[in-house]
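generate coordinates for the sequence data below:
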Amino acid sequence: MSRIGRMPIAVPAGVTVDIAENNKVTVKGPKGTLERVLPAEMEIKQDGDTIVVSRPNDLKKMKSLHGLTRTLINNMVIGVSEGYTKELEVNGVGYRAQKQGNKLVLSLGYSHPVEMIDPEGLETVVEGNKISVKGIDKEKVGQYAAEIRTKRAPEPYKGKGIKYVDEVIRRKVGKTGKK
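Residues are numbered from 1 along each chain as shown. From the prediction side, this is the model:
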């Protein structure tokens, strides 16, 4: 049995989970609503305030889908109850980020400012040199944070660029002069 797949998902108070045919799962909570169609082979049962995912057989594909399905539902439940946040940090002389309405304007040493419009359901907050991406869908939050980071990924010599707050940049030694 999959160790992650067989763990029951606890549904907190204020969150409702709806399982329709073809495993269309709708999760409603205080922060919003998420919907997702999950693999039809998996059996999703709700008893009381827990959800249990079970698989039909022990084929390799079913084993991998088992843990995935459980994790996707769990992420939806956490998203509508608490939400997700990714923190980014802007490092470098003259590199800055600012908010203009629903636009994130980045000055990253290019000849022009880089403008990014917040996707629907996501919100960015800028405090000093930190950018926070907030939302209820874990996948979208991570994807948008990754897109912001790609505008100027950190370089290994001076560490300039946009990095995740918990990311460690492996630094390299620069070139040395002649003796």
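
buried set for stretch 12-30?
Using 16 or more other Cβ atoms under 10 Å as the test for burial, stretch 12-30 gives 15, 17, 19, 23, 25, 27, 29. In short, each C-beta sits where N, CA and C put it, glycine included.

did I read that right, the second one in a helix?
Pointing back at Val17 there. No. Counting by DSSP: H, G, I helix; E, B strand; the rest coil, Val17 falls outside a helix, being strand.

for it, name its beta-bridge partners.
Counting by DSSP bridges, Val17 forms beta bridges with Val27.

from Lys160, how far out is it?
45 Å (Cβ to Cβ, to the nearest Å).

re earlier: and which of the buried residues of stretch 12-30 is nearest to Lys63?
Checking the buried residues of stretch 12-30 against Lys63 with Cβ to Cβ, the nearest one is Asn23 at 17.3 Å.

for that closest one, grab phi and psi.
Dihedral angles of Asn23 (phi, psi; degrees, to the nearest 10) stand at phi 50, psi 40.

I'd guessed Lys130 sits against Asn91; true?
No. Taking contacts as Cβ atoms under 8 Å, Lys130 lies outside contact range of Asn91: 10.6 Å.

list the buried residues of the longest helix seen in the chain.
Longest helix in the chain, counting residues (DSSP state H): helix 60-81. By neighbour count on 16+ other Cβ under 10 Å, the buried set for helix 60-81 is 62, 65-81.

what's next to the lengthiest strand in the chain, contact-wise?
Longest strand in the chain, counting residues (DSSP state E): strand 84-91. With contacts defined as Cβ atoms under 8 Å, 6 or more residues apart in numbering, strand 84-91 is touched by 78, 96-97, 106, 108, 129-138, 141-142, 144-145, 148-149, 154, 159-166.

got the CA positions of the host helix or strand of Ala146 in PDB?
Per DSSP states H and E: Ala146 is located in helix 138-150. The C-alpha trace of helix 138-150 is given here as PDB (Å, rounded to 0.1, in the frame of the first residue of the first chain):
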ATOM      1  CA  LYS A 138      -0.700  25.600  -4.900                       C
ATOM      2  CA  GLU A 139       0.200  24.800  -8.500                       C
ATOM      3  CA  LYS A 140      -0.600  28.300  -9.700                       C
ATOM      4  CA  VAL A 141       1.300  30.000  -6.800                       C
ATOM      5  CA  GLY A 142       4.400  27.900  -7.500                       C
ATOM      6  CA  GLN A 143       4.200  28.500 -11.300                       C
ATOM      7  CA  TYR A 144       3.800  32.300 -11.000                       C
ATOM      8  CA  ALA A 145       6.700  32.500  -8.500                       C
ATOM      9  CA  ALA A 146       8.800  30.500 -10.900                       C
ATOM     10  CA  GLU A 147       7.900  32.800 -13.800                       C
ATOM     11  CA  ILE A 148       8.900  35.800 -11.700                       C
ATOM     12  CA  ARG A 149      12.200  34.100 -10.800                       C
ATOM     13  CA  THR A 150      13.000  33.400 -14.500                       C
END
